[in-house]
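1. Predicted model, plus sequence, below.
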Amino acid sequence: MFNPSQEEVRRFFCDAHHKAKTNAPMEAIEVLAAEWIAEHPEYHADLADADAAVARVYDGQNGNSNPFLHLSMHLSISEQCSIDQPRGIRQSVELLTHKRNSLHEAHHAAMECLGRMLWEAQSSGRNPDGEGYVACVQRHATRD
């Protein structure tokens, strides 16, 4: 299983951003990352300097979110949908995308569910509840 360090994740996104800006050749995962980076211009300054990004502490203070966590969640949801794992996530995100008329907004709603699932798993010491995660995304798609 791939388990990159915090530094590796940050450098990956910074490199993908740089390659996209300079039209350098990219791996498929870098192309996907660059697409999500393009959706978040508020993060471009953070991604412009890899060394500074590695050194920076993103603790949520002053309303600053962690761009690397956010972008990693976009990538995770994209990958989950591509292989429909956990089962049903692809359809749930598609329904939510249709409801919100935006894949980006659907991902943001799914992130709430993904974050909750991970927090609950870590808090309880149990495995993540994929079925509960999918059900949460489905609820977002059917309410409002």
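-> Thanks, I have it.

2. Spatially, what comes nearest to the residue positioned nearest the centre of the chain if we skip its sequence neighbours?
-> Geometric centre of the chain, nearest residue: Met73, 1.8 Å, by C-alpha atoms, centre = their mean. In space, and not counting its chain neighbours, Met73 is closest to Met111: 4.8 Å by C-beta to C-beta, 6 or more residues apart in numbering. Just so you know, the C-beta spots here come from the backbone N, C-alpha and C atoms, and that holds for glycine as well.

3. Does Gly115 touch Ser72 like I think?
-> No. Using C-beta atoms under 8 Å, Gly115 is not in contact with Ser72; the gap is 11.3 Å.

4. Between those two, which has more neighbouring residues?
-> Ser72 (18 against 13; other C-beta atoms under 10 Å).

5. what's the domain layout of this structure?
-> 1-65, 84-144 (automatic domain parsing).

6. From Asn62, how far off is Ile77?
-> 27 Å (C-beta to C-beta, to the nearest Å).

7. Kind regards, and thank you for your time.
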